[in-house]
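>>> my questions are about this predicted structure, shown below with the sequence.
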Amino acid sequence: MKISKKTYDWLETRLGIEELIGKSLKGYLLPRNINFWYSMGSILLFIFALQGITGILLLIYYVPDAEKAFNSVKAIMNEIPFGWFIRTCHVIGASSMVFFLLLHMLSVLFMGSYKSPRELNWLSGFMLFTLVLAISLTGYLLPWSQLSFWATTVATNSVGTIPLIGDFLLEFLRGGKLVGPPTLGRFFALHVAVLPVTIAVFVMIHLFLVKRIGISTPPFGLDDTKNRWDDGKFRYEDHPGGIPFFPHYLLQDLTSIALYLAIFVFFVFFTPSLFFPADAFIPADSLRTPAHIKPEWYFLANYQALKLFPNEFIGIIVQALAMTFIAFLPFLDRGKEKHPLKRPVFTACAIGGILIFLALTIWGHYS
Amino acid sequence: MTKRNQMKIPTSIFALMSFLACTLVLAFPAPAASQTQNVCIQCHGSLEGRLGKPVQQWQGSIHEQDGVTCNECHGGDPKDAVNAMSPARGFIGVPEEKDIPGICGRCHIGVNRDYLASAHGKALGKGGPSCVTCHGNHAINRASLALINERSCSRCHSYERAGELKDAMVKTETLITTMEDKIDTIRKGGTDTEPLEKALFSARNQFHTLFHDVDVKKVQNESARINRDLGKIDASLEAILKKLHERRIAGAIAVGSALLAALILYLLRKTYEKN
Amino acid sequence: MHGHDRRKFLGLCLGGITFTLMGAAIYPVFKFLAPLQTRKSAGKVEIRQQDLAEGEAKFIEFGGEPAVVVNSGEHGLIALSAVCTHLGCIVQWQRDKRRFLCPCHAGLYTESGEVISGPPPKQLPKLPLSVNNGIITVG
């Protein structure tokens, strides 16, 4: 008997691989009208893995000390072989993560997959969204450049506007009255340990929930696109006669990942300067504020919206309320219809919202 | 089959608001206020006419960019509104023409030395130019060959000799500006260009200082040496640019391979779809 | 079956590409992790101690960049980079004042390279120096 067959049989008697493959892979059926939007999640998983790997590699040479951080990053970019590649992948990976997260969120919204019984999926996803923004924000400070220092100053300033406890919270967050070495210490711990682990845990919760209740049926290409679930007992949404996950949809996932890689690698090799403003290469100077500090693109809309409110605290409250509304959307939108064109009010509001977000982002960029 | 959307109206308005601030988690206030509390700028900046103009001219100048403020030339105290213009704090007001090179020369030492020894410097106070004659006093911009032009130089004498000097300097100046552009391109991608920038600045400064002698022969002789130094810097820049080009080729191969992989995976999936 | 043959062929192509891409990814990671070779010491520069009187400074080239050796008397022999830390001009030695002056924007340094006044943000970097049998070696 060949050695591979022997090994396989040995594992089979101990792990029951046939049953695993049968149930979770070949036997796991997906709706026939599934589309490529359902692979956004695996792209995100891939990006997260890449961020983890590049992050750990960077950890080897990065020094989280305010005096040495900038130079350690400079060494990574200029002296360590392929350091420029690892770092650039990490920087561009961060922006891609947020971008694809937004795409994933939007596709779920438009296909109505957030509706009952998938409220918990949506909530855990929303948590992940918040965590990803937090990990991006904390990571931004680590190179200790002018951009890092001042963008963090501006970002954390808003915490101080909360009445009564604002100043205390601000000092706690920064480890002092102003952004300084203590801030680097706590942001580093958050970025490297606390947030990645929390994200991993929430990803596992999210995946468990997705698998437990079953994949939602996309509303496209069907006559009846209503949500047929009723508030009764637990019922797994199976898709008899559907497409097996293995190898069919796995191949779709892999195709999407390969396409993502092509686009990603293009940006890494050909347009890295898009992701590095000039201030990213100047060491932090606590006495010199640069002329135009702007947050990273995914925060530009926040930034611009806040500038429109006369009172900073009101501005924050409005945004917090908006976020809360989005978080609890599945509880507020109990409509049964899933097809975007058959629920025009929702779709109009959603498109309106996206346009406003884009407008604010572009305005924030040029202002 | 189009059944009416069952979402309530108030909820839909909320939906609109939600996307108004759709991804707003962490709020961003307006940028931190500028840290310079300079009373000269605060007061003169709000004045109209002759007393306010210098502030406007100074804004956007290279002195503003590099943090050279009013008191550096005019003396006085920029932090004390009461004694800002007190002679006790060194305030000299509008300088006399003959004092100007001394004031600029406090920082621009090399240039001042060359200027004082030159025909221009010897003519100071007798109709000759001071620093501000060519460079301006408040709206000072980064020095370039454009400062040597017919309109400016023919104010006092024929342009011919100025033109000769400019011709002698054009080649080196063009080399310098081309290299500055290369450095800019390289820096944006993340490469550390500081040592090269410094070497280039040093050469550029030596070269520009040269001009102030207004001596064509001297410029020509020194230019050879400076061009050699520039050549060494350019060689390093070209090596970096070559490396960056090689990276892009590797990148193209990587992108191509990923696309190819995507195509193969897509075709593979298609073979299963017949079932 | 036609489908099976095509599947096998595509699978093989995919395997090939994945293998190549993996290799292309592992090579940079390996080089990234490999310990750095210590830079070979740039050519050392030697000058005779007797050529450098007290209060004198000699400008040399070290590691492709301008450097200076100072005989400061009280602080002994010091080797420094002669590149001003402001914008890169080469500093000059003022013998009467026992200090370095940068002609570009009047940065002033002590004989051991510390900033006295002016725009330089940092002191002049020190270079390794040793003396043996009347020979000063920089590097």
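Noted; the coordinates are in hand. Small disclaimer: the values here were computed from a predicted structure and weren't measured. Numbers count the residues shown, from 1 in each chain, chains lettered A, B, ... in the order given.
>>> pretty sure residue A:114 is in contact with residue A:328, am I right?
No - Residue A:114 is beyond contact range of residue A:328, at 10.5 Å (criterion: Cβ atoms under 8 Å). Quick note: C-beta positions are derived from backbone N, CA and C, even for glycine.
>>> quick one: residue A:263 is in a helix?
Yes - assigned with DSSP: H, G, I helix; E, B strand; the rest coil, residue A:263 falls within a helix.
>>> how many neighbouring residues does it have?
13 (other Cβ atoms under 10 Å in any protein chain shown).
>>> one more: residue C:96?
So residue C:96, with other Cβ under 10 Å, has 6 neighbours.
>>> please apply the same query to residue B:198.
Per other Cβ under 10 Å, the neighbour tally for residue B:198 reads 20.
>>> list the residues that contact it.
Residues near residue B:198 by Cβ atoms under 8 Å, 6 or more residues apart in numbering or on different chains: C:83, C:87-88.
>>> so which of those are in helices?
When DSSP state H defines the helices, the subset of these inside them is empty.
>>> what's the first-to-last distance across stretch C:104-120?
Stretch C:104-120 has an end-to-end distance of 11 Å (Cα to Cα, to the nearest Å).
>>> near chain B, which residues of chain C?
Contact residues, chain C versus chain B (Cβ under 8 Å from any Cβ of the partner chain): C:3, C:6-7, C:10-11, C:13-14, C:17-18, C:20-21, C:24, C:65, C:83, C:87-90, C:101-106, C:118-119.
>>> may I see the PyMOL selection of the buried members of the residues you listed?
To isolate the buried members of the residues of chain C next to chain B in PyMOL, using 16 or more other Cβ atoms under 10 Å in any protein chain shown:
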select buried, chain C and resi 7+10+13+14+17+21+65+83+87+88+89+90+101+102+103+104+105+106+118+119
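>>> could you tell me which residues of chain C lie near chain A?
Going by Cβ under 8 Å from any Cβ, the residues of chain C near chain A are C:28-29, C:31-34, C:36.
>>> repeat that with 6 Å
Proximity of chain C to chain A is confined to C:28, C:31-32 under the rule Cβ under 6 Å from any Cβ of the partner chain.
>>> can you list which of those residues are found in helices?
Filtering these for helices - DSSP H - leaves C:28, C:31-32.
>>> what subset of the residues you listed is buried?
C:28, C:32.
>>> output the ones in helices among the residues of chain C next to chain A in JSON lines; the columns should cover distance to residue A:4 and pLDDT.
Formatted as JSON lines, those follow (distance: Cβ to Cβ, whole Å; pLDDT from 0 to 100):
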{"residue": "C:28", "distance to residue A:4": "31", "pLDDT": "92"}
{"residue": "C:31", "distance to residue A:4": "33", "pLDDT": "91"}
{"residue": "C:32", "distance to residue A:4": "33", "pLDDT": "93"}
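>>> ok so, going back, from the residues of chain C next to chain A, pick the one nearest chain B.
Closest approach between the residues of chain C next to chain A and chain B, by Cβ to the nearest Cβ: residue C:28, at 9.6 Å.
>>> chain neighbours aside, what residue packs nearest to the closest one?
Among residues not flanking residue C:28 along the chain, residue A:82 sits closest, at 3.8 Å (Cβ to Cβ, 6 or more residues apart in numbering or on different chains).
>>> can stretch B:176-184 be said to contact chain C?
No - Stretch B:176-184 lies out of reach of chain C by Cβ under 6 Å from any Cβ, never closer than 12.0 Å.
>>> list the buried residues for stretch A:94-104?
So stretch A:94-104, judged by 16+ other Cβ under 10 Å, has buried residues A:94-98, A:100-102, A:104.
>>> just to revisit the earlier point, which among the residues of chain C next to chain A gets closest to residue B:83?
Comparing those against residue B:83 with Cβ to Cβ places residue C:32 closest, at 58.7 Å.
>>> do I have it right that that closest one meets residue A:85?
No - judged on Cβ atoms under 6 Å, residue C:32 makes no contact with residue A:85 at a distance of 8.1 Å.
>>> surely residue A:112 is in contact with residue A:338?
Yes - look at residue A:112 against residue A:338 with Cβ under 6 Å: they come within range, at 3.2 Å.
>>> what's the pLDDT at whichever residue of chain B sits closest to chain C?
For chain B, the residue closest to chain C is residue B:198, as judged by Cβ to the nearest Cβ, at 2.4 Å. Per-residue confidence (pLDDT) for residue B:198: 92.
>>> next: residue A:312.
81.
>>> go on, residue B:40?
89.
>>> which residues touch residue B:131?
Going by Cβ atoms under 6 Å, 6 or more residues apart in numbering or on different chains, residue B:131 touches B:100-101, B:104.
>>> and residue A:301, how many residues sit next to it?
Applying other Cβ under 10 Å, we find 27 residues neighbouring residue A:301.
>>> quick check: it vs chain C, distance?
Per Cβ to the nearest Cβ, to the nearest Å, residue A:301 is found 35 Å from chain C.
>>> need the nearest residue in space to that residue, chain neighbours excluded.
Using Cβ to Cβ, 6+ apart, the closest residue to residue A:301 is residue A:360 (3.9 Å).
>>> so which bits of whatever helix or strand the one you found lives in are buried?
According to DSSP states H and E, residue A:360 maps onto helix A:344-366. Neighbour counts over helix A:344-366 (16+ other Cβ under 10 Å) mark A:345-347, A:349-350, A:353, A:356-357, A:360-361, A:363-364 as buried.
>>> please apply the same query to stretch B:86-104.
For stretch B:86-104, burial by neighbour count (16+ other Cβ under 10 Å) applies to B:91, B:95, B:100-101, B:103-104.
>>> so what's the closest residue to residue A:124 other than its chain neighbours scoring on pLDDT?
Closest residue to residue A:124 apart from its sequence neighbours, by Cβ to Cβ, 6+ apart: residue A:206 at 4.4 Å. Residue A:206 carries a pLDDT value of 96.
>>> again, but for residue A:73
Looking at residue A:73, its pLDDT stands at 96.
>>> helix or strand: which one has it?
Assigned by DSSP H and E, residue A:73 falls in helix A:69-78.
>>> quick one: check that helix for contact with chain B.
Yes - using Cβ under 6 Å from any Cβ, helix A:69-78 reaches chain B at A:74, A:77-78.
>>> tell me the average confidence for the longest helix seen in chain B?
Counting residues, the longest helix found in chain B (DSSP H) is helix B:216-273. On average, the pLDDT along helix B:216-273 is 91.
>>> ok, now stretch B:80-94?
In the prediction, stretch B:80-94 has an average pLDDT of 87.
>>> and for it, what's in contact with it?
Contact with stretch B:80-94 is made by B:39, B:74-77, as judged by Cβ under 6 Å, 6+ apart.
>>> which two of these have the greatest separation?
Farthest pair in these, by Cβ to Cβ: B:39 and B:75, 13.6 Å.
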